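Q: no FASTA, just this:
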């Protein structure tokens, strides 16, 4: 991400924060739900899209972050402390889940992460002093740097700010030697070892950083929903996040945001359409089928996701606007030459 792109990103974020008071509660809710999902998708995209480590336990990691942030917040700590603590706890759990990646690869490792997802779901119900079991952990509002922002607009501003910082941090990370090693391992572990890369250590770093971002996303989700319950972090949530990075584009920072927005807003749009035509129940039932079909279509026809489609559209616009701008320049120069002769 270049300096120009960072400036544009910060400008867009500031514009969103400026218009937040006029969006209403529902508009602010949509903003922070998409922003929180984008942080979680960015975490998973770093692991799968940039390091090539397939994971199906992302929903469980979000749950770890939610429970950790909720317990720290309920202890009277600031939201910032709770989110950082949630990130650290989730990073540790993510590294533990990533340890089999040192011996397993491909489908075998993916199955091990699926097993980790089911283990985490069981632990959420088992460790009642920390999770309150099936009834869920009620989470009290926490101040953010001492300010009371426990409302929809406040949560939207926090989520957008953390999303911007996460995007900038990950983009800077990918320009470092560690980020280049991630990509090298994704392309070929054999080549990475031949170039002297410590593959095991690099993979664990990928799991730790991805887990930290997932923990912060889960913590934000906990504070906005005010409850952390086991059924909210089941395998379906992990599948949703895998769908986000596939639809948005693997190995793409904008793709994580685009995919998160698409997957999060699809049920909302379907519900509105169903309510308009008086078929809300039928539309909700069709959502899963449409969702699955879209993933299959993207895998077949556009494996690089919506981000690739958007990039191609921008390039076409530039090509079509190029001749027009050149014609305008030539017309202007001809006019200047005519005026000079006169």
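A: Received, thanks. All of these numbers come straight from a predicted model, not from anything done at the bench.
Q: which helices and strands sit right next to the helix or strand harbouring residue 19?
A: Using DSSP states H and E, residue 19 maps to helix 3-45. Counting contacts by 3 or more Cβ pairs under 8 Å, 6 or more residues apart in numbering; DSSP states H and E, helix 3-45 is packed against helix 58-74, helix 152-174, helix 199-225, helix 235-248, helix 253-276. For every residue, glycine as well, the C-beta is placed using N, CA and C.
Q: Residue 7 is nearest to which of those helices?
A: helix 152-174 (10.7 Å; Cβ to Cβ).
Q: ok, the closest residue in space to residue 59 that isn't next to it in sequence to residue 93 distance?
A: Excluding the flanking residues, the one nearest residue 59 by Cβ to Cβ, 6 or more residues apart in numbering is residue 237, at 3.3 Å. Applying Cβ to Cβ, to the nearest Å, the value for residue 237 to residue 93 is 16 Å.
Q: And those two? Which one has more around it.
A: residue 93 (23 against 19; other Cβ atoms under 10 Å).
Q: Surely the more buried one is in contact with residue 61?
A: Yes: contact criterion Cβ atoms under 8 Å: residue 93 and residue 61 qualify, at 6.6 Å.
Q: between those two, what contacts are shared?
A: 120, 211 (Cβ atoms under 8 Å, 6 or more residues apart in numbering).
Q: pLDDT on the host helix or strand of residue 80, on average?
A: Using DSSP H and E, residue 80 falls within helix 79-98. The average pLDDT within helix 79-98 is 95.
Q: Following the chain onward from it, which element is next?
A: Next along from helix 79-98, by DSSP H and E: helix 106-126.
Q: Show residues contacting that following helix.
A: Under Cβ under 8 Å, 6+ apart, the answer for helix 106-126 is 53-57, 59-61, 63-64, 67, 93, 97, 100-101, 104, 131, 133-134, 230, 233-235, 238.
Q: show me the residues around residue 95 that make contact.
A: With Cβ under 8 Å, 6+ apart, residue 95 has these contacts: 204, 207, 208, 211.
Q: just the helices and strands packed on helix 3-45: most buried one?
A: helix 58-74 (a mean of 28; mean count of other Cβ atoms under 10 Å).
Q: between it and helix 106-126, what angle do the directions make?
A: On the basis of axes from the mean of the first three to the mean of the last three Cα atoms, to 10 degrees, helix 58-74 is oriented at 30 degrees to helix 106-126.
Q: So which elements touch helix 58-74?
A: Here helix 58-74 touches helix 3-45, helix 79-98, helix 106-126, helix 128-131, strand 137-138, helix 199-225, strand 227-228, helix 235-248, going by 3+ Cβ pairs under 8 Å, 6+ apart.
Q: What average pLDDT does stretch 140-158 get?
A: 88.
Q: what's in contact with that stretch?
A: With Cβ under 8 Å, 6+ apart as the test, stretch 140-158 has contacts from 16-17, 20-21, 23, 25, 28-29, 31-32, 35, 73-74, 77-80, 82, 220, 223-224, 226.
Q: chain center to it: distance?
A: Taking Cα atoms, centre = their mean, to the nearest Å, the mean C-alpha location of stretch 140-158 is offset from the chain mean by 21 Å.
Q: Between the two ends of it, how far is it?
A: Stretch 140-158 stretches 17 Å from its first residue to its last (Cα to Cα, to the nearest Å).
Q: cool, stretch 188-207 as well?
A: 18 Å.
Q: tell me the mean pLDDT over that stretch?
A: Summarised as a single mean, pLDDT over stretch 188-207 is 92.
Q: what's the distance between residue 316 and residue 301?
A: 18 Å.
Q: swap in residue 18?
A: Taking Cβ to Cβ, one finds residue 18 at 38 Å from residue 301.
Q: next one: residue 236
A: In terms of Cβ to Cβ, residue 236 sits 25 Å off from residue 301.
Q: got the buried residues for the helix holding residue 80?
A: Within helix 79-98, the residues that count as buried by 16 or more other Cβ atoms under 10 Å are 79, 82-95, 97-98.
Q: Next, the angle from it to helix 3-45.
A: Using the same axes, to 10 degrees: helix 79-98 against helix 3-45 is 50 degrees.
Q: which residues sit in contact with the most centrally placed residue in the chain?
A: Centroid-nearest residue in the chain: residue 41, 2.3 Å away (criterion: Cα atoms, centre = their mean). For residue 41, the contacting residues are 241, 244, 245, 248, 256, 257, 259, 260, by Cβ under 8 Å, 6+ apart.
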